[in-house]
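A.B. asks: Sequence and computational prediction follow.
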Amino acid sequence: HWVMADFIQQTISDIRKIVGEKAQVIGAVSGGVDSTVVAKLMTEAIGDRFHAVHIDNGVMRLNESQEVQQLLKQHLGINLTVIDGSKVFLDGLKGVTEPEKKRKIIGGLFIDLFEEEALRIEKAAENTPNAGKVEFFVQGTLYPDVIESLSFNLSDTIKTHHNVGGLPARMMNGQGLKLIEPLRMLFKDEVRAFGRQLGIEEGLVMRHPFPGPGIAIRIIGEVTEERVNIVRKADHIFISMIKEAGIYDEMAQAYAGLDSNRAVGVMGDARVYGYIIILRAVCSVNFMTAEPYEFDFKLLTKIARRIVNEVDGVSRVTYDITSKPPGTIELE
Ligand code: XMP
């Protein structure tokens, strides 16, 4: 049984050995615990020779990219560039309703923008006196991802289940970068302990996982700016009230999504044909199976009331009580 502090020191010294005295390293950060732990580790090991890149894909939650910037740059001192790709992504998603197509478009654009930024960093690096070329690409792959990608290659999986899709392949083959995966031997709870030890705040350490394609796979049907904004507001109310109730850590994931249909509601004296919000909260150990969270009914109706009152255009709120299987955690 290893001691966490020793393991961190060992990992940092391994990273220094692998990267050497001059080379630079790039990596994508989402704001989730895995990529944040990796970014903090890299910063401890090689300082500003590590370049973190966060891409706002237009389907992040309310204020999420600003919060990533604040937390990683100001609070954790990570050398971070934030790229606002929201317009590019939303344009790319116009008219698309098929879930797998959404995933492919978001994954593809992500790689394009990341590669562009990597080349820019590489160019800038040529002029730095004390640093060498960008030679490495770092990723927060966990042990279960390693296992999953093995079975992924062996069978036809239902979904293209990867945060950053073909990013490693493109970085390694296209740009000749070498891949570093400092967390590949760890499970999620170990990464969380790792994060605490590195001084990352509890709110981030305990954050629910968030899928790479973001709220695009929580919106059934077309992803438009209007529909994204409605989901953002409803989700923000839902998650804030969950946190206020002190039950956030009791669930593995929770979110507000959107149905493609509309339903009638009465607002004031008028009948309106409004959006239907789908709330989902699940308990799960490994995300392969999941159970609906047993919400306190009073709290749930209070949340519903606030969403209908505060989010323009919403006439109904539903709670998804499907287990996985046969349901999935996301809506698409
Ligand atoms: P499902 O919906 O398949 O989700 O029950 C299981 C877990 O995987 C996450 N998920 C994704 N993560 N890209 C990701 O990075 C995806 O395309 C994707 N689809 C699902 C989901 O959030 C849950 O944790």
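C.D. replies: Okay, I see it.

A.B. asks: what about the residue most central in space within the chain, distance to the ligand?
C.D. replies: In the chain, the C-alpha nearest the mean C-alpha coordinate belongs to Phe210, at 4.0 Å (CA atoms, centre = their mean). Remark: distance between Phe210 and the ligand (CB to the nearest ligand atom, to the nearest Å) = 7 Å. To be clear about C-beta, it is placed using only N, CA and C from the backbone, and glycine gets the same treatment.

A.B. asks: likewise Tyr275?
C.D. replies: 21 Å.

A.B. asks: Also Thr301?
C.D. replies: 26 Å.

A.B. asks: Can you name every helix or strand that the helix or strand where that residue lies contacts?
C.D. replies: For Thr301, the host element (DSSP states H and E) is helix 297-310. Packing partners of helix 297-310 (3 or more CB pairs under 8 Å, 6 or more residues apart in numbering; DSSP states H and E): helix 225-244, strand 270-283, strand 314-319.

A.B. asks: list the contacts for the residue nearest to the centre of the chain?
C.D. replies: Residues in contact with Phe210 (CB atoms under 8 Å, 6 or more residues apart in numbering) are Ser30, Gly31, Gly32, Arg61.

A.B. asks: need the contact list for the last one.
C.D. replies: Shown in contact with Arg61 (CB under 8 Å, 6+ apart): Phe210, Gly214, Ile215, Arg232, Asp235, His236, Ile239.

A.B. asks: And for the fourth one, nearest residue in space, chain neighbours not counted?
C.D. replies: In this case it means Arg232. Counting by CB to CB, 6 or more residues apart in numbering, Arg232 lies nearest to Leu62, which is 4.3 Å off, once chain neighbours are set aside.

A.B. asks: For this protein, which residues are neighbours of the ligand?
C.D. replies: In this structure, the chain approaches the ligand at residues 103, 159, 161, 163, 209, 211-213, 217, 253, 287, 324, 328-330, judged by CB under 6 Å from any ligand atom.

A.B. asks: Count the neighbours of Asp56 for me.
C.D. replies: When neighbours are defined as other CB atoms under 10 Å, Asp56 has 21 of them.

A.B. asks: Sorry, wrong one. I was asking about Ile239.
C.D. replies: 18.
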